[in-house]
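**Student:** Based on what follows, work out the 3D shape:
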Amino acid sequence: MIEIKKHKSLETAIVTNNKPRDVQAIYIAAETLALRSRSWNRLRFEIEYALEKGTTANSFLIQGNLQALIDPPGGTFTEIYLKELSQRTNILDISYVILGHVNTNRIDTIKALLEINSRLTFICTNPGAIALRQELDEERELKIQVVRGEETLDLGKGHLLKFIPTSTPRHPDELCTYDTKTQIVYTDKFFGAHICGDQVFDEGWSTLLGDRRYYFDSTMANQVRQVESALDKLAELPTSFYAPGHGPMLRYGLHELVNLYRQWSEAQKQQNISVALLFASAYGNTTTIANALARGITKAGVAVELINCESVEPEEIKAAIEKSSGFLIGSPTLAGHLPTQVQTALGIVLSTATKSYQAGVFGSYGWSGEAVDIIAGKLKDAGYTLAFEPIRIKFKPTEATLQICEETGTDFAQALKRAKKVRTTLNPGSTVEQAVGRIVGSLCVLTVKRGEISTAMLASWVSQATFNPPGLTIAVAKDRAIETYMFEGDRFVLNILEQGKQLRRHFMKKFAPGEDRFADVNVEDTEGGLILPEGLAYLECRVAQRMECGDHWLVYAIVENGKLLQSNGLTAIHHRKTASNY
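**Tutor:** Next up, the predicted model:
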């Protein structure tokens, strides 16, 4: 157990796995209380949480003549959240619970609220109302006010709430809320970041951009059409700040982040290759797999259009297939069959996509898992080539399976680029590329180990950067699997190879998703990475900064430990004739 020091705004705390969870309560505007349920645990259960910086689940209480609660947190916070809420108001006095989206994780807290106050009225979109009734599965009559357009709710004391439906494929029930008195926009999934700390607002906003960008790439980059639609709706509102569902409020860097959302969305639209990623999900597991695949595809510079078959019209599926260069279909298994929506989507694919399209199939299951085999069989019978073995994951994906899915997505995208013969550099014969290619770098193997995950990359774009502290820079391509583990604070080992040795041959080959990079290689464990004893030297490093540079990330790392293993050896050097490849 650890000692919990009471922060001036920390009202309630518990300890889980030797790390605290608490609720930070603070008034952020007139009659507006933020209840920030915080966890410092190093989460990594979905792609969007992969930076392992904990998370903050933001909820809000507006206390007009009537009281409205916005976005109660998930079940891991239920006990401490309700304790803090009851100290701030009488829960029986709350009239409305506004849901930016409905998910299984939030249901425990909703049930607990209903046990205290059965008169609550829930406000959500129609998809949210359907999900809420399914999740609660109770005989009692729920009071639900369904938002079908941009409707309003007057709480008194000047708090007139406007509701803005902002449906996305990942969250078809997404709903933003605007308070005309405080001019706060409650953005739920938009503009979030999974980080945990005492900071309520975004002072020093530029230091948060790495986390904001990662969150966008993980959750928004595969649905930019809907993101741009939401941005247009929110742009019409006079705003003091945005209050997202995760991370600090956006006040100081609001306009900059909105502009960056538009730039990042536009960059996705400008990709000349796109993938249609169709899916349905029963319990969210297939959605998680879809997001991991999409993340891998976008890393490789290929656009993705995420299509939730449960919430789109057939014409939209057809249009997405027609403009794509390949497609993926994901499905759960329900009583040994495909959901009706997936059957419809599959029929559209078979009648629309040409046989030259690259294809892939994935899904989660509980007991049988026939859906994936049914889809794969129909595609093969129709003459399509599957780019990878169908992915079938039982129950919830693990960290290891999500990494495999991300790498599979990247391989799928790279195959499309090769088929389209897309070049990302200058002409190989140009004098510029010949000149740049003469830059020489030492040949190294960069290794990372995180729990059950271990991976490696052959690197030659390495250079010493500082004397004090001893530091170096490494250029890491955006589509490398190891890129996910090279954020600020992450640790790795840089193994410098010896001239004349053949260790590099092992790491030059192409590895399949999930394949053991260290099979038949002598390694030693250390914090953050693996040491190769047959190398010339090794450096244990910690990432201090990273900067986006075209199709690579430039990573600056501080060397914390190291050792020369072969005192008489020479560093292996990588010579190139052109800058068009490594």
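**Student:** quick one, helices of this protein?
**Tutor:** Applying DSSP state H to the chain gives helices spanning 78-88, 104-116, 126-136, 209-219, 224-235, 254-269, 285-299, 314-323, 340-352, 370-381, 399-420, 431-436, 503-508.
**Student:** between those, which gets the lowest average pLDDT?
**Tutor:** Among the helices of the chain, helix 431-436 has the lowest mean pLDDT, at a mean of 77.
**Student:** thinking again about what came up before, which of the helices of the chain sits most buried?
**Tutor:** Comparing the helices of the chain by mean neighbour count (mean count of other CB atoms under 10 Å), helix 285-299 ranks first with a mean of 26. Every residue, glycine included, has its C-beta placed from N, CA and C.
**Student:** now Thr78: how far from Ile70?
**Tutor:** Taking CB to CB, to the nearest Å as the measure, Thr78 falls 16 Å from Ile70.
**Student:** cool, and Ile62?
**Tutor:** According to CB to CB, Ile62 stands 7 Å off from Ile70.
**Student:** Of all the helices of the chain, which one comes closest to Ala572?
**Tutor:** The closest of the helices of the chain to Ala572 is helix 503-508. By CB to CB, the value is 6.6 Å.
**Student:** Render the CA-only coordinates of the closest one in PDB, please.
**Tutor:** C-alpha atoms of helix 503-508 as PDB (Å, rounded to 0.1, in the frame of the first residue of the first chain):
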ATOM      1  CA  LEU A 503      23.500 -10.800 -36.600                       C
ATOM      2  CA  ARG A 504      21.900  -8.200 -38.800                       C
ATOM      3  CA  ARG A 505      20.800 -10.800 -41.300                       C
ATOM      4  CA  HIS A 506      18.300 -12.100 -38.800                       C
ATOM      5  CA  PHE A 507      16.700  -8.700 -38.300                       C
ATOM      6  CA  MET A 508      16.700  -7.800 -42.000                       C
END
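**Student:** so how many other residues sit close to the nearest residue to Val147 once chain neighbours are set aside?
**Tutor:** Of all residues not flanking Val147 in the chain, Phe163 sits nearest, at 4.5 Å (CB to CB, 6 or more residues apart in numbering). Residues lying near Phe163 (other CB atoms under 10 Å) number 22.
**Student:** quick revisit: nearest to Ile28, out of the helices of the chain?
**Tutor:** Closest approach to Ile28 among these is made by helix 78-88 (13.2 Å; CB to CB).
**Student:** Which residues are in contact with the residue nearest to Val147?
**Tutor:** By CB atoms under 8 Å, 6 or more residues apart in numbering, the residues touching Phe163 are Ile98, Ile123, Val147, Glu150, Glu151, Thr152, Leu153, Leu175, Cys176, Thr177, Tyr178.
**Student:** how does it look with 10 Å?
**Tutor:** 98, 123-125, 145, 147-153, 175-178, 186 (CB atoms under 10 Å, 6 or more residues apart in numbering).
**Student:** show me where pLDDT drops low in the protein?
**Tutor:** Along the chain, the parts satisfying pLDDT under 70 run over 1-19, 42-45, 138-140, 422-430.
**Student:** Mind splitting it into its structural domains?
**Tutor:** For the chain, the domain assignment from automatic domain parsing gives the residue ranges 10-267, 271-420, 431-574.
**Student:** export these to a markdown table and tack on distance to Tyr582?
**Tutor:** Listed next are the domains of the chain as a markdown table, based on distance: least, CB to CB, whole Å:
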| stretch | distance to Tyr582 |
| --- | --- |
| domain 10-267 | 24 |
| domain 271-420 | 14 |
| domain 431-574 | 6 |
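**Student:** Indicate which one of the ones you listed is closest to Ser580.
**Tutor:** Nearest to Ser580, of the domains of the chain and by CB to CB, is domain 431-574 at 5.4 Å.
**Student:** follow-up on the earlier one: list residues touching both of Ile62 and Ile70?
**Tutor:** Shared contacts of Ile62 and Ile70, defined by CB under 10 Å, 6+ apart, comprise Thr32, Tyr96, Ile98, Leu161, Thr177, Asp179, Ile184, Tyr186.
**Student:** Farthest-apart pair in these, please.
**Tutor:** The largest separation in those, counting by CB to CB, is between Tyr96 and Ile184 at 16.2 Å.
**Student:** Neighbour count: the two, which is higher?
**Tutor:** Ile184 (25 against 19).
**Student:** Give the full set of residues in contact with the closest residue to that one other than its chain neighbours.
**Tutor:** Using CB to CB, 6+ apart and skipping the chain neighbours, the partner closest in space to Ile184 is Ala243 (5.4 Å). Residues near Ala243 by CB under 10 Å, 6+ apart: 28-29, 32, 34, 58-60, 70-71, 176-177, 179, 182, 184-188, 191, 200-201, 249-251.
**Student:** List only buried entries from these.
**Tutor:** 28-29, 32, 34, 58-60, 70-71, 176-177, 179, 182, 184-188, 191, 200, 249-251 (16 or more other CB atoms under 10 Å).
**Student:** Narrow those residues to those in strands?
**Tutor:** Secondary structure defined by DSSP state E assigns 28-29, 32, 34, 58-60, 70, 176-177, 179, 184-188 of the buried ones among the contacts of Ala243 to strands.
**Student:** Nearest to Thr287 among these?
**Tutor:** For these, the minimum distance to Thr287 (CB to CB) is 16.4 Å, reached by Asp188.
**Student:** check contacts around that closest one.
**Tutor:** 58, 70-71, 98-101, 166, 171, 173-177, 243-246.
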